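1. What shape does this take:
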Amino acid sequence: MKRGPALALACLLLAGNAWAGAEDEMMGFITEDCISHIGHDFYYSFSKRMRDISRMDFNLVVRERPSARWGSLVTIEYQQRVIYRRFLPPNTVDLQATANEAADLVKAQIIQRKLETLLQDTTDLEKDEL
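-> Numbering: from 1, shown residues only. A predicted model of the protein is given here:
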């Protein structure tokens with residue numbers, strides 16, 4: 001009976017499962033839930049800027065809710081919390097400056113949230129219980 005290859009395979013599988021626990025979540029996604037042309041243009045400019053200025057070790061969701069009266073409400077979510085919200089007027093032609101400003105603000109908010117979680121006192125509770 002040859003146990004060498006089977007034992008080696010079992011060790012690799014166990015080591016792979018232990019390593020995969022820390023790397024289960026995939027990062028770097030910016031998902032889009034936009035409806036109108038304005039929302040799609042904002043998303044494209046925003047995601048391009050975010051990829052240029054950040055390592056993208058997080059996920060974001062860009063949502064748009066259009067309104068005939070007010071324009072489009074654009075929100076950006078990080079860890080299921082809204083960190084950016086703005087109305088875009090219906091007659092907006094060039095959204096690149098607005099999207100670049102939003103990307104800079106979102107990056108600053110993400111850095112601040114990461115610092116807050118690092119500095120939280122979690123002696124009694126785990127971070128997900130707070």
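2. show me the contacts for residue 72.
-> By Cβ atoms under 8 Å, 6 or more residues apart in numbering, the contact list for residue 72 reads 36, 38, 39, 42, 64, 65, 66, 87, 88, 90. Every residue, glycine included, has its C-beta placed from N, CA and C.
3. cutoff 7 Å now
-> 36, 38, 39, 64, 65, 66, 88 (Cβ atoms under 7 Å, 6 or more residues apart in numbering).
4. OK, contacts around the second one?
-> If a contact means Cβ under 7 Å, 6+ apart, then residue 38 has 72, 88, 92, 95 as its contacts.
5. do the same with the fourth one
-> With contact taken as Cβ under 7 Å, 6+ apart, residue 64 is in contact with 33, 34, 35, 36, 39, 72, 73, 74.
6. One more pass at 10 Å, please.
-> Listed by Cβ atoms under 10 Å, 6 or more residues apart in numbering, the contact set of residue 64 reads 32-36, 38-40, 42-43, 72-75, 88.
7. those helices in the chain, which residues are they?
-> Assigned by DSSP state H, the helices in the chain fall at 4-22, 37-53, 96-119.
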